[in-house]
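Chemist: can you look at this prediction? I've put the sequence above it.
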Amino acid sequence: MKVCPVCGSEFGDEAAFCSRDRSPLRPADAGSTPGLVGQLVGERYQVERRVGEGGMGEVYLARHVLIGRSCALKVLSASVSQDPDAVTRFNREATNASRISHPNVCAVYDFGLTPDGLVYLAMEYVDGRTLSAVAEESGPMPVPRAVELTTQCAAGLQAAHDLGIVHRDFKPDNVMVSGPRERETAKLVDFGIAKAMVPEPGQVVTKSGFVVGTPDYMSPEQLSGDPVDARTDQYSLALVFYRLVTGKLPFEGASAQETLVKRLTDPPRPLAEARPEARFPGGLQGVIDRALAPRPQDRYPSVTAFVEALHHALADDAATTRRLAAPGMRGGEIPPTRLTPLRKAHRGARLAAAAAAIVVVSGGTWEVIRLRRPATVAPPAVPVSRLAADTAKLHGPVDTAPHAAPAPDPPPAPARTVPRVKSDTLTLPAPELIDSPARRGWAVGRATRILGSNAESPRKRARAAAWLGSEALRRRDRVNARLYYQRAFDLYPDPNWATMIRTLRDTTRP
């Protein structure tokens, strides 16, 4: 007899995966650790209650007896604990996971082996639900919500990729979502740990014996036994995004084997076919097709580039359908503004002609540079929230003057319309001045890409982290704001950020 560690369904000995959630099955009598509640594990973790069970073992809520911090204590199953090679691999992978410090990655505090043979892992306790449970409850999500959750997952994956760590088992069950819907926070769990599991019958493993993924979310190179890299996680992330917006996976067959073969040979099912009643942005299908390309070299160069493309598709769609009645303009229609990265001079000129202001960091302060506007458009008043004043105290003077509405595409702007800035400056609209979800999504994606890129200077990455901190403050998410400002300070110590960290720490204490 075998059981599913996720839903508890029972199957015969010949089954390998759960027919409901495709989780690997395990023997019904394997790895049980009853009686841990109330016990002391590793001489420092007091087990309070059992909170769940996974394919690797059981998870408990525990508290460190010396510092009082709560944590999720994962106690591995007996099949892992009794295998010296598996324990060695687990320790190596847990070491890698503990190196990742990011707001969208569940922190690893400690791991070890008790004298009585229990292998445990102490992790950040997230009071939430898995992304799988969220998707099951909500059904197919609106594209903007799915893009936001995918962006957070990509940020966590990028932080790992920057350290040379590939998850290889990214799936909705390995993402925890907490907070209310308007301020959801996604955190990745089990980073790399799945590679150290002892395989159950029917699971796909590498030559060294590592489990390399759950079949429903595995890439073609994993199925073929080829080398994997960061683009493998990108493929899995694209599968998860597809499921979030359609409620289905893009490859389906009459059997599990046929489904896997389709992933190697067929293009993904079109979004419109998977969910015909919904309307998707026109460019979204092309983004999905590229991220799900069978060959890694045909995909996006990084998960950050993938989510940037998602934001661009969303922004392009919003701009195409938007109609405004701007003062001083006849007809009431403003040509759409295409929000694309500032990577080429002509694209920068077009954005300069459409944007109201651009924030440039220089000398440790935020400055807002006013750009030229056609004199025929009258600037409407733009109210600025109280948070803008708080941001001004932190970053320096912020321009809160009225801004003009976007104008039709002008002739190419003079070469010095956009001031030349140093390579470590950050050019992004201030969070309080962004007037649409599409522009905000683009700005968040760009800041996330800069923060996760080792090619950028530490100072520029720090400024990107501070910008994300300000964006979190705008959402009244003080916990993540403090984490982002702490990241900024770690990259480039600045007394302004240190002051903000202390302020947020005081206001977020229980």
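Modeler: Good, I have the coordinates. Residues are numbered from 1 along each chain as shown.
Chemist: pretty sure I450 is in a strand, no?
Modeler: No. Secondary structure of I450 (DSSP: H, G, I helix; E, B strand; the rest coil): helix, not part of a strand.
Chemist: R459 is in contact with that one, correct?
Modeler: No. Counting by Cβ atoms under 8 Å, I450 stays clear of R459, with 11.0 Å between them. All C-beta spots, glycine's among them, are computed from the backbone N, C-alpha and C.
Chemist: neighbour-wise, which of these two wins?
Modeler: Counted by other Cβ atoms under 10 Å, I450 and R459 do not tie: I450 has more neighbours, with 22 against 19.
Chemist: what sits against the more buried one?
Modeler: I450 is in contact with 426, 456, 460-461, 464, counting by Cβ atoms under 8 Å, 6 or more residues apart in numbering.
Chemist: do that again at 10 Å, thanks
Modeler: For I450, the contact set (Cβ atoms under 10 Å, 6 or more residues apart in numbering) comprises 304, 426, 428, 456-457, 460-465, 467-468.
Chemist: now, the residues you listed that are in strands?
Modeler: L428 (DSSP state E).
Chemist: would you reformat the contacts of I450 as JSON lines and include pLDDT, distance to D162 and neighbour count?
Modeler: Listed next are these as JSON lines, based on pLDDT from 0 to 100; distance: Cβ to Cβ, whole Å; neighbours: other Cβ atoms under 10 Å:
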{"residue": "T304", "pLDDT": "94", "distance to D162": "10", "neighbour count": "26"}
{"residue": "L426", "pLDDT": "73", "distance to D162": "18", "neighbour count": "23"}
{"residue": "L428", "pLDDT": "82", "distance to D162": "20", "neighbour count": "24"}
{"residue": "E456", "pLDDT": "85", "distance to D162": "11", "neighbour count": "19"}
{"residue": "S457", "pLDDT": "87", "distance to D162": "15", "neighbour count": "16"}
{"residue": "K460", "pLDDT": "89", "distance to D162": "15", "neighbour count": "21"}
{"residue": "R461", "pLDDT": "87", "distance to D162": "10", "neighbour count": "23"}
{"residue": "A462", "pLDDT": "88", "distance to D162": "15", "neighbour count": "26"}
{"residue": "R463", "pLDDT": "89", "distance to D162": "17", "neighbour count": "31"}
{"residue": "A464", "pLDDT": "89", "distance to D162": "13", "neighbour count": "26"}
{"residue": "A465", "pLDDT": "88", "distance to D162": "13", "neighbour count": "27"}
{"residue": "W467", "pLDDT": "89", "distance to D162": "18", "neighbour count": "28"}
{"residue": "L468", "pLDDT": "88", "distance to D162": "16", "neighbour count": "27"}
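Chemist: thinking again about what came up before, shared neighbours of I450 and R459, which are they?
Modeler: Common contact partners of I450 and R459 (Cβ under 10 Å, 6+ apart): L426.
Chemist: I'd say L163 and T95 touch.
Modeler: No. In this structure L163 lies outside contact range of T95 using Cβ atoms under 10 Å: 11.3 Å.
Chemist: the two: who's more crowded?
Modeler: A count of neighbours by other Cβ under 10 Å puts L163 above the other of L163 and T95, at 15 against 12.
Chemist: distance of G12 relative to Q152?
Modeler: G12 sits 39 Å away from Q152 when distances are taken as Cβ to Cβ, to the nearest Å.
Chemist: of the two, which one has the most company?
Modeler: Q152 (23 against 8).
Chemist: just checking, the more buried one touches T185?
Modeler: Yes. Proximity of Q152 to T185 meets the contact threshold set by Cβ under 10 Å, at 6.9 Å.
Chemist: tell me, what's touching these two both at once?
Modeler: Taking Cβ under 10 Å, 6+ apart as the contact rule, Q152 and T185 both touch 103-104, 177, 480.
Chemist: format those residues as a markdown table; extra columns: distance to E148 and neighbour count.
Modeler: Formatted as a markdown table, the shared contacts of Q152 and T185 follow (distance: Cβ to Cβ, whole Å; neighbours: other Cβ atoms under 10 Å):
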| residue | distance to E148 | neighbour count |
| --- | --- | --- |
| P103 | 14 | 25 |
| N104 | 12 | 22 |
| V177 | 11 | 22 |
| N480 | 13 | 21 |
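Chemist: inside strands: which ones of those?
Modeler: V177.
Chemist: as JSON lines, the shared contacts of Q152 and T185 with pLDDT and distance to R269 would be great.
Modeler: JSON lines is the format used below for those (pLDDT from 0 to 100; distance: Cβ to Cβ, whole Å):
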{"residue": "P103", "pLDDT": "92", "distance to R269": "34"}
{"residue": "N104", "pLDDT": "94", "distance to R269": "29"}
{"residue": "V177", "pLDDT": "96", "distance to R269": "26"}
{"residue": "N480", "pLDDT": "79", "distance to R269": "35"}
